[in-house]
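Enquirer: Sequence first, predicted model second:
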Amino acid sequence: MTDLVTLTDPRSPAAEAYRSLRTNLSLNVPGESPRSILVVAPSPAEDRAVVAANLAVASAHAGHAVILVDADLHRPSQHTLFDLDNGAGLADYLAATDSGDPTLQDTSVPGLRVLTAGAPPANPAALLDGPRTAGLLARLSTLAGLVIVDAPPLLAVSDAAVLAPLLDGVLLVVAAGRTRREAARAAREALDRVGANVLGVVLTEADAAATEYRY
């Protein structure tokens with residue numbers, strides 16, 4: 001759990017930044033907080049899985065019932081971050097024909113459950129684009145006050161573009177000094193093309209010592 005700074009170092013500036021992010025999201029639309037959020041990045045370099053995990057922890061700490069979905073069916077990581085079993089998860093549920101609920105796992109954080117990615121499918125984008133995905137997200141929204149979906153890199157595969165229109169909003173993660181301006185612009189344009197509601201951008205790896213990033 002070394003990447004879960006909201007658990008390992010809750011008094012740190014980084015943990016406070018995640019709490020501020022959670023608060024800003026709740027105020028994004030006055031009186032109408034998003035119930036489901038997709039967290040995505042242009043490339044694998046931005047550690048968007050860590051952002052999704054810490055946002056989920058911060059939201060649970062604030063008293064919300066949260067479900068974190070690992071929708072990166074290529075290189076899943078949420079089961080590793082939370083030390084969970086990945087034997088059955090999202091891919092298995094979407095590939096099944098029964099109408100039961102997905103396998104949600106409790107975490108050490110009260111109020112936070114995780115739907116891991118499960119067994120890697122042959123064609124993740126096609127599986128996510130199937131008829132069960134929208135129904136699953138609707139069902140999860142009845143089981144928790146906030147659903148956070150961790151999606152694979154937007155410019156690498158089409159999975160995130162398939163998911164984005166199905167959620168209330170999208171957070172785009174970019175890394176200072178690592179995400180190229182052209183990649184960030186291309187990611188935003190890709191989200192606009194599918195009609196995604198972009199809530200904002202999360203900047204990671206910012207130099208806290210630089211004047212422009214001081215409190």
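Expert: Looks like it came in fine. Numbering: from 1, shown residues only.

Enquirer: Need the phi and psi values for R19.
Expert: Geometry field for R19 lists phi and psi as phi -70, psi -40, criterion degrees, to the nearest 10.

Enquirer: Helices of this protein, start to end?
Expert: 5-8, 13-26, 48-61, 78-81, 90-95, 124-128, 132-143, 159-163, 181-193 (DSSP state H).

Enquirer: Distance from the first one to the middle of the chain?
Expert: Its chain's average C-alpha position is 17 Å from that of helix 5-8, according to CA atoms, centre = their mean, to the nearest Å.

Enquirer: Please apply the same query to the third one.
Expert: With CA atoms, centre = their mean as the basis, helix 48-61 stands 8 Å off its chain's centre.

Enquirer: and the angle for it with helix 13-26?
Expert: Angle between the axes of helix 48-61 and helix 13-26 is 70 degrees (criterion: axes from the mean of the first three to the mean of the last three CA atoms, to 10 degrees).

Enquirer: List the contacts of the residue most central in space within the chain.
Expert: When CA atoms, centre = their mean is applied to the chain, the residue found nearest the centroid is D150 (3.0 Å). Neighbour list for D150: V39, R48, A49, A52, A53, L68, V69, D70, A71, D72, S77, Q78 [criterion: CB atoms under 8 Å, 6 or more residues apart in numbering]. Every C-beta, even on glycine, is put in place using the N, C-alpha and C of the backbone.

Enquirer: In ChimeraX, how would I select the buried members of these?
Expert: Burial among the contacts of D150 is assessed by 16 or more other CB atoms under 10 Å; the matching ChimeraX selection reads:
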select :39,48,49,52,53,68,69,70,71,72,77,78
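
Enquirer: from the contacts of D150, which is closest to G177?
Expert: G177 lies nearest to R48 out of the contacts of D150, by CB to CB, at 16.1 Å.

Enquirer: Test for you: state the pLDDT assigned to the closest one.
Expert: R48 is assigned 94 on the pLDDT scale.

Enquirer: In stretch 86-95, which residues are buried?
Expert: Those would be N86, A88, G89, L90, A91, D92, Y93, L94, for stretch 86-95 by 16+ other CB under 10 Å.

Enquirer: from memory L128 sits against Y93, does it?
Expert: No: under the criterion of CB atoms under 8 Å, L128 is not in contact with Y93, lying 11.4 Å apart.

Enquirer: follow-up on the earlier one: go through the buried residues of stretch 86-95 and name the one with the lowest pLDDT.
Expert: A88 (89).

Enquirer: What about that residue? Give its phi and psi, please.
Expert: As for A88, its main-chain torsions (degrees, to the nearest 10) stand at phi -140, psi 130.

Enquirer: For it, which non-adjacent residue is spatially closest?
Expert: Distance criterion CB to CB, 6 or more residues apart in numbering; nearest residue to A88, sequence neighbours excluded, is T103 at 4.8 Å.

Enquirer: returning to what we had before: tell me which of the helices of the chain is the most buried.
Expert: Greatest average neighbour count among the helices of the chain goes to helix 48-61 (a mean of 26), per mean count of other CB atoms under 10 Å.
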